[in-house]
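Participant: how would this look folded up:
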Amino acid sequence: MRNFEQTAGSTFPDRVWLPILLALGGILVLFHAFFFQGYVLDANHDRRDISVPFALLCQRASHSLTVPAWNPYIFAGTSALGSAAYVCFYPINWIAFAFPETFLPWLLSAILIVHVGLAFWFAYRLFLRLGGDPFWATLAATLYVFSSAAVMQMTAEINFTAFVYLPLVLYFVAAPSDTGFSVNVLGQAVAYALLILGGNPQLAVYAIGIAVGFALDRGLALVGPGRRVDHRALLRNAGALALGLLLAAPRLLPFYHSVNEAGGARVTYDAFRAMAPTRPTDTLRFLLPEIYGSSLHQSFFGTLNHFETFSAYVGVSGGILALYAVLFVWKRRTAFWNIAFLAIVLVVLGTPLTWIHYVATGGAQLLYNRLAWFLPICSAALVAAHGADMLPRRGLRVFSLVVLLTVAAALGYLVAWVPEAVLTADQETAMTAAAAHFGLFFLLFFAAITVAARAGARHALAGVLLLGPLACDLFLIAGLEASNSHPFLSPPPFFQPTSVEVRAAKHLGRAGAERRQRVFRIPPDARTSSYDKQTINNRFMYLGLYNSSGYDNYAPHRITRLYSYPSTVSRAEERIISPGSPRVAELTATSLAITDTALIELERALPRARLFTHYEVMPDNQALARVLDPAFDPLLAVVLSREPDRPIVPETEPGTADIVSDTGDRIEMRVTARSANILLLADTYDSGWRAEVDGVRAPVIVANYAFRAVVVPAGPHVVVWRFRHPGAVVGAWLGVAGLIACATLGAAALVSRRQVARLREDTPSA
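Facilitator: All right, here's what the predicted structure looks like:
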């Protein structure tokens, strides 16, 4: 069997400094402001309004030795374990959680930088194992880690873990099946678990799909003289995946239940057509991201969603080599990467494969266009395996010349065709500079393959001509991609509350009212209320305030319908929860609205807790219309999903209800009722909430369509609400079982290694 980690014949033999130098260089290019100016990740709206607030919630919980299952700060309360941004179970984050809150932005930025280095090293080892020598493995790792797709995920932070652990999983999968069975299973399982625990479940699904496909390819390959299936490899890889899922069960099961609670994925053709359609022009981004960026010519080409199409630039040289390998170099050991490359491109372009992929993955939760983010690892694998063989080929030179002429023709055609109103002076300058940049690096690449053809692909000059310009090209694009978030890094603090928000906190806090009322912010322009710095989750959390607006991957379904009724909203709008009218805000116990300059008090806002003896019973669709009907007075009556379990006699003064303590997962209330009453708590309904009246379990009723209620008898009572996330307990026990299995495997590997060492000592030397 060939040793894929041989370094003989390499352009830069046995020089480990090369990948280390490039990794450090790339990190310094991207994060120089962190090292020299003390800047931290500011990044895009996802990180500002999801990642950091959830990290803050988890940090506060860790200091109190609890696991935050419920997040009271967003959407009148929502499941924290069910969020796609949940970061509490990721072990590396525990380092940041151990420090005071003021260090959190700096530590999360430092952790990301460490992850970039790990991603480079894991990718380098993978590409060595796939057949590249140290030079081509270094080149491929650079293509992968500093591709525009990977850099873009650095800005969101939680997404980047998929790019870190995928090459590590693939490294173990690619290992020969007759070596280190226990160690390999353990390594794969831990990598799978960290992939799931640390990042976006959407990207984890795609990464696991690639890993499973590669594992099947390796195990089903006909090997040896007997042409047999490698059952040992299949068993090893399947067991590792199962163990990894066990380790990640504390996150997976609650998340699964939350998706079901929200109605699950909506796989319909109409929904499919609305899922970020890709245009044919988007393919040009693979070679010319400087020209076809996120906003350039947007008014002419339409909405080009840079985050969900061909944001997968791997440099001029890498792109040409990868495309050439896909079209002309098919070998058994890399056929998987050729097919994966083609499949991803066809899915993103909208072929019938797109619909199959959409149905198979439940496309409402998994945007199919984001599959393009994994193009770089396919490109890099092909370059690592075939680069040295392709470089001296005359066919590559002809192909490169055809690519250059095609791109030049397309560029000239578009420049001549784009209307003058769209092609502003700034865009003309950008397009000219981008064309010059691309042309320069293309000519240097052409020089490299010419030198390789004449002097040999292993010649050091060919490597310098190829690697130097490619690194500069990629780091330039990486800088552009990082600044796509405006800015990538910024000086702390960037969660500073405004003076109006501080006034609101003082206003609500005078009588402890922050436990009974909420506040929401009215942005200057409602059309841009989401993807800007007007969102307030993080600042409200620092102030200790609850809000009835928020930002997350998706809002609770009932709150979304309440806020948008009678219309329906898109997925993006589900992430931007803002009351559609004063009535909607009042139903969510919102007493204050904040503008840039003023506080607006909502006079008829419901208290967060209130007793009722007048009620109506109706199904969900009627209840939603009823609570928003101007003729309905929510201060006098409540709408229930079913009849109470005891008679309720109408009273003029039902009694009082006060919140005594609220820790998020547990709420204690003191109630004094003149007769049997309905206690409304204006927090989001979720099946995980349980209620106890004086220590006795009481059934929870859906109230006012989106909230929850419980019946209390006459007299003084203590009502306690507890949230137990469905699936959390089972997930925790499965996680413990996974840890025990890992410990067993580790012990077995240690015993086996000692036995081998002892056998070697006992064997006399020849």
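
Participant: so residue 188 makes contact with residue 171?
Facilitator: No. Counting by CB atoms under 8 Å, residue 188 sits too far from residue 171 to count as a contact (9.1 Å). (Each C-beta comes from the backbone N, C-alpha and C, glycine too.)

Participant: Those two - which one has more neighbours?
Facilitator: Under the criterion of other CB atoms under 10 Å, the comparison of residue 188 against residue 171 puts residue 188 first, with 26 against 22.

Participant: which element follows the one helix or strand that one maps to toward the C-terminus?
Facilitator: Using DSSP states H and E, residue 188 maps to helix 181-198. The helix or strand immediately downstream of helix 181-198 is helix 201-220, counting by DSSP H and E.

Participant: Distance check, residue 616 against residue 730.
Facilitator: Noted for residue 616: a distance of 37 Å to residue 730, by CB to CB, to the nearest Å.

Participant: How about residue 102?
Facilitator: Distance, residue 102 to residue 730, by CB to CB: 37 Å.

Participant: who has more neighbours, these two?
Facilitator: It is residue 730, of residue 102 and residue 730, that has more neighbours when counted by other CB under 10 Å, with 14 against 9.

Participant: now the helix holding residue 188 and helix 201-220, what's the angle there?
Facilitator: Comparing the axes of helix 181-198 and helix 201-220 via axes from the mean of the first three to the mean of the last three CA atoms, to 10 degrees yields an angle of 160 degrees.

Participant: for helix 181-198, packing partners?
Facilitator: Under the contact criterion of 3 or more CB pairs under 8 Å, 6 or more residues apart in numbering; DSSP states H and E, helix 181-198 touches helix 161-173, helix 201-220, helix 231-247, helix 249-261, helix 728-762.

Participant: residue contacts, the closest residue to residue 188 other than its chain neighbours?
Facilitator: Residue nearest to residue 188 in three dimensions, not counting chain neighbours: residue 240, with 3.3 Å by CB to CB, 6 or more residues apart in numbering. Contacts for residue 240 (CB atoms under 8 Å, 6 or more residues apart in numbering) come out as 172, 184-189, 192.

Participant: Closest one of these to residue 610?
Facilitator: Lowest distance from residue 610 to the contacts of residue 240 (CB to CB) belongs to residue 192, with 47.6 Å.

Participant: pLDDT at the closest residue to that closest one other than its chain neighbours, what is it?
Facilitator: The shortest distance from residue 192 to any non-neighbouring residue, by CB to CB, 6+ apart, is to residue 244 (2.7 Å). At residue 244, the model reports a pLDDT of 96.

Participant: How about the one 10 residues further on?
Facilitator: Here, the pLDDT recorded for residue 254 equals 91.

Participant: helix, strand or coil for the closest residue to it other than its chain neighbours?
Facilitator: Distances taken as CB to CB, 6+ apart put residue 81 closest to residue 254, at 3.8 Å, once the chain neighbours are dropped. Secondary structure, DSSP: H, G, I helix; E, B strand; the rest coil: residue 81 is coil.

Participant: neighbours of residue 81, just the number please.
Facilitator: By other CB under 10 Å, the burial measure for residue 81, its neighbour count, is 26.

Participant: Over to the one 5 residues further on?
Facilitator: Number of residues near residue 86 (other CB under 10 Å) recorded here: 26.

Participant: a helix runs through it, doesn't it?
Facilitator: No. Per three-state DSSP, residue 86 lies outside any helix segment and is coil.

Participant: where are the low-confidence patches of the stretch 301-450 of the chain?
Facilitator: 301-309, 363-365, 414-415, 417-428, 430-431 (pLDDT under 70).

Participant: Show me the helices in it, by range?
Facilitator: In the stretch 301-450 of the chain, the segments counted as helices under DSSP state H, counting those that start in this stretch are 316-328, 335-349, 352-361, 375-390, 394-417, 425-455.

Participant: which ones are touching residue 681?
Facilitator: 608-609, 667, 669, 707-710, 721.

Participant: try residue 598
Facilitator: residue 500.

Participant: I'd say residue 243 and residue 742 touch.
Facilitator: Yes. If you go by CB under 8 Å, residue 243 and residue 742 touch, sitting 7.0 Å apart.

Participant: So between those two, which is more surrounded?
Facilitator: Ranked by neighbour count (other CB under 10 Å), residue 243 and residue 742 place residue 243 first, with 22 against 19.

Participant: State the distance from the more buried one to residue 63.
Facilitator: As defined by CB to CB, residue 243 lies at a distance of 31 Å from residue 63.

Participant: So which helix or strand of this structure has the lowest pLDDT on average?
Facilitator: Least confident element among the helices and strands of the chain, by mean pLDDT, DSSP states H and E: helix 298-301 (a mean of 48).

Participant: buried ones in stretch 624-644?
Facilitator: By 16 or more other CB atoms under 10 Å, the buried positions in stretch 624-644 come out as 624, 626-628, 634, 637-641, 644.

Participant: Show the end-to-end separation of that stretch, please.
Facilitator: Taking CA to CA, to the nearest Å, the first and last residues of stretch 624-644 lie 19 Å apart.

Participant: re the thing from before, and the gap between the residue nearest to residue 254 and residue 18?
Facilitator: From residue 81 to residue 18 the distance is 43 Å (CB to CB).

Participant: same thing with residue 602?
Facilitator: Noted for residue 602: a distance of 63 Å to residue 18, by CB to CB.

Participant: Number of residues surrounding residue 254?
Facilitator: Using other CB under 10 Å, residue 254 is surrounded by 27 other residues.

Participant: Can you give me the distance of it to residue 505?
Facilitator: Relative to residue 505, and taking CB to CB, residue 254 is found at 31 Å.

Participant: what do you get for residue 383?
Facilitator: 55 Å.

Participant: Comparing those two, which residue is more hemmed in?
Facilitator: For residue 383 and residue 505, the more surrounded residue by other CB under 10 Å is residue 383, and the numbers stand at 32 against 19.

Participant: Can you give me the neighbour number for residue 478?
Facilitator: By other CB under 10 Å, the residues close to residue 478 number 23.

Participant: any idea which element it lies in?
Facilitator: helix 460-482.

Participant: who touches the helix or strand that comes right after that helix?
Facilitator: Downstream of helix 460-482, the next assigned helix or strand under DSSP H and E is strand 489-490. Contacts to strand 489-490, defined as CB under 8 Å, 6+ apart, come from residues 31, 33-34, 39-42, 109.

Participant: Appreciated, that's everything.
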